[in-house]
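K.L.:
Take a look and give me a structure for this.
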Amino acid sequence: MDQRVKPAPHEIRRARADNPKMRERDLAAQLGISEAELVAAHCGDGVVRVEPRVNDLLTGLEAVGEVMALTRNESAVHEKIGVYDKVVTGNHNAMVLGENIDLRIFPKVWAHGFAVEKRDGADIRRSLQFFDTAGEAVHKVHLRPAPNLYAYQNWWPGWNRRTRSRRWRFQRARPTRPRLRTTRRASTICATAGAS
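P.N.:
Numbering: from 1, shown residues only. Here you go, the predicted model:
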């Protein structure tokens, strides 16, 4: 992010409409904003703010069924498809020790959350997206085509922050870290983002 004037929410939504195939992370960088600011600009239009209650998220996701867990940073992308099971919660760290999804999570890093619904032709893609204080993504959960939609729709609305504001204050981003060598394990690299 740079020091230029940040675009207003309606300008961010227009940029998204003009670039429908561009990844959110790349579009946010192009606009000089955080990815969370890009998502927040769509609140009330398929996006709802949710509390980043990590322990509730982890224990409730098993009922949703198979999902895609996504954690990324500048050096690595860690995607796993499976069920959030064998969850161990805690205030300082939490773990998912399932057969396909194996995560180490640091709840204090999670500052902002959003439930996102995007129309893709006749389909609706749903995700839960969590960000740190600077608006950088720390973890995302994408529902697969055949989730337990009833469990999902009745589980997360209790976390709704009851705000549709499209503006949100994020802390200044931390200085960019040097690129990590690609020989490191993806789980170690992603740990810097709040999950591994």
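K.L.:
so Val109 touches Asp132, yeah?
P.N.:
Yes - Val109 lies in contact with Asp132 (C-beta atoms under 8 Å); the separation is 5.3 Å. Using the backbone N, CA and C atoms, a C-beta is placed for each residue, glycine as well.
K.L.:
of these two, who's got more company?
P.N.:
For Val109 versus Asp132, neighbours defined as other C-beta atoms under 10 Å are more numerous around Asp132 (23 against 19).
K.L.:
Pull out the buried residues from the strand or helix carrying Thr71.
P.N.:
Assigned by DSSP states H and E, Thr71 falls within strand 67-72. In terms of neighbour count (16 or more other C-beta atoms under 10 Å), strand 67-72 has its buried residues at Val67, Ala69, Leu70, Thr71, Arg72.
K.L.:
who's in contact with the longest helix seen in the chain?
P.N.:
Longest helix in the chain by number of residues (criterion: DSSP state H): helix 9-18. Applying C-beta atoms under 8 Å, 6 or more residues apart in numbering, the set of residues contacting helix 9-18 from outside is 7, 27, 30-31, 33, 37-38, 40-42, 45, 166-167.
K.L.:
Helices of this protein, start to end?
P.N.:
Counting by DSSP H, the helices of the chain are 9-18, 24-31, 35-40, 54-61, 149-155, 186-190.
K.L.:
Could you name the helices and strands sitting against the second one?
P.N.:
Packed against helix 24-31, as judged by 3 or more C-beta pairs under 8 Å, 6 or more residues apart in numbering; DSSP states H and E, are the following elements: helix 9-18, helix 35-40.
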